[in-house]
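**Q** One predicted model, sequence on top.
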Amino acid sequence: MVTVNIFGSCVSRDVLEMQQERKIQLQNYIARESIVSALSPPAFLNMDQLNLDSNFQRTMVAHDFHKDVFELFRQKRSEILLIDFIEERFPLVKTGNSYVTYSNELMTSGYISKPELIRCCKKTPPFCRFRRSGGCRWMVGNINMDNIITEFGRRLLEMYNPEQIIIHEVYLSDQYMDHEKQVRLFPANHLENNQKLNEQYEYMYHMLEDFIPDARVINCSREYIADASHKWGLSPMHFQREYYEQVLEEIYRIIAII
């Protein structure tokens, strides 16, 4: 049995549900958290005012406010770390001297009544070196994401060897399989959002891979499409069952040689 911690989304978590013979044991799963938020100072949270019925949802919001992901991973070390950046789709909210992730759960809770949303965006300075991000600078407010990704990678390397880190490159799908097994295109507003987020994801994955060149990479989501029959419902990030099965097989191959 190999242990794993996950920092990412349900796309990574659902891969483990494909196991017929359980070879991978999940220890910690941190979702609904941006890396900007994870690296921010702890923020005050009154749990009594968090109007959520789901214990999982309350716990994820609490982790995001408490900024305890690195502490949790240190306390309960795993043999591999699985990362995806799908949760970067959420904007941020500044609270005090910190940032928190304005996830669907935080929005539903009503805890922040009048949020001022801050989104990651691409800016092109007049002069900059060419690099994998295309010479553009990605910013969250006045925060340079290059610095955030570098610091995030540095924190990971304090706990894991590079070959223990699996970067799960997930991108949003423009197509889906409907309940009659017909391939459909998502509506135009989804396609526009997918394009923006996929560009951001690609930049972030490549930046982290450049910083940790010996990390393992799984990148096959563009070979598959979303599925209207997915247990979590139709979404550009809820893929065909075959996708999760392939990712699981790739993880098995990785853990066999580390």
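**A** Received, thanks. What you see is a predicted model; the values in this text were computed from it and never measured. Numbering: from 1, shown residues only.
**Q** Strands of the stretch 51-200 of the chain, residue ranges please.
**A** For the stretch 51-200 of the chain, the strands defined by DSSP state E, counting those that start in this stretch cover 80-83, 92-95, 98-101, 117-118, 120-123, 137-140, 143-144, 165-168, 175-177, 183-185.
**Q** pLDDT (mean, whole number) over the third one?
**A** When the per-residue pLDDT values of strand 98-101 are averaged, the result is 97.
**Q** what comes into contact with that strand?
**A** For strand 98-101, contacts defined as CB atoms under 8 Å, 6 or more residues apart in numbering pick out 32-34, 36-37, 40-43, 64-65, 67, 87, 90, 92-93, 106, 118, 140. (C-beta placed from N, C-alpha, C; glycine too.)
**Q** buried set for it?
**A** Of the residues in strand 98-101, those buried under the neighbour-count criterion (16 or more other CB atoms under 10 Å) are 98-101.
**Q** before we move on, what about stretch 231-249?
**A** Neighbour-count burial for stretch 231-249 [16+ other CB under 10 Å]: 234-240, 243-244, 246-248.
**Q** Return the closest of those residues with respect to Ser12.
**A** Relative to Ser12, the closest of the buried residues of stretch 231-249 is Val247; by CB to CB it sits at 8.1 Å.
**Q** so that closest one is in which element?
**A** In this assignment (DSSP states H and E), Val247 forms part of helix 241-255.
**Q** how distant is that helix from the center of its chain?
**A** 18 Å (CA atoms, centre = their mean, to the nearest Å).
**Q** Who are the packing partners of it?
**A** helix 10-15, strand 80-83, strand 165-168, strand 216-218 (3 or more CB pairs under 8 Å, 6 or more residues apart in numbering; DSSP states H and E).
**Q** want to throw the ones you listed into CSV with mean neighbour count, distance to Gly153 and mean pLDDT?
**A** Compiled in CSV, the helices and strands packed on helix 241-255 are given as follows (neighbours: other CB atoms under 10 Å; distance: least, CB to CB, whole Å; pLDDT from 0 to 100):
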stretch, mean neighbour count, distance to Gly153, mean pLDDT
helix 10-15, 21, 18, 98
strand 80-83, 22, 10, 98
strand 165-168, 23, 9, 98
strand 216-218, 20, 14, 98
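**Q** right, so of the ones you listed, which gets closest to Asp178?
**A** With CB to CB as the criterion, Asp178 lies closest to helix 10-15 of those, at 20.1 Å.
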